[in-house]
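Colleague: what's the 3D shape of this:
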Amino acid sequence: LMFNKIFKFLWPLFFVLLIFLDRNIIINKFFLIIFLIILTIITVFRILDSRNEWREIVKEENFKE
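Modeller: From the prediction side, this is the model:
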């Protein structure tokens, strides 16, 4: 999926911006905080979705035994 590639790129981009953006400017601070919150929310939803998928796989395996 294209979203996965973009999302994997966003975390390194965040760290590069964190290092190189001037943190003395208040707008940059707000941008970084909001960017981090968005990335974190997306990551949490992806983790929960993955957990649910694995639960279904485990249930199917248990029924086969």
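
Colleague: next up, identify which helix or strand the spatially most central residue of the chain is on.
Modeller: In the chain, the residue lying closest to the centroid (Cα atoms, centre = their mean) is Thr43, at 2.9 Å. Using DSSP states H and E, Thr43 falls within helix 26-64.

Colleague: then stretch 9-22 to CSV, C-alphas only?
Modeller: Provided in CSV are the C-alpha atoms of stretch 9-22 (Å, rounded to 0.1, in the frame of the first residue of the first chain):
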residue,chain,number,x,y,z
PHE,A,9,8.7,7.9,5.7
LEU,A,10,6.9,10.3,8.1
TRP,A,11,8.6,9.1,11.3
PRO,A,12,12.2,9.8,10.0
LEU,A,13,10.9,13.0,8.5
PHE,A,14,9.7,14.0,11.9
PHE,A,15,13.0,13.4,13.5
VAL,A,16,14.9,15.3,10.8
LEU,A,17,12.5,18.2,11.3
LEU,A,18,13.0,18.0,15.1
ILE,A,19,16.7,18.2,14.6
PHE,A,20,16.9,20.9,12.0
LEU,A,21,13.9,23.2,12.6
ASP,A,22,14.5,26.3,14.7
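
Colleague: can you pull the pLDDT of Glu65?
Modeller: We have a pLDDT of 63 for Glu65.

Colleague: ugh, wrong one, I meant Trp11
Modeller: On pLDDT, Trp11 comes in at 93.
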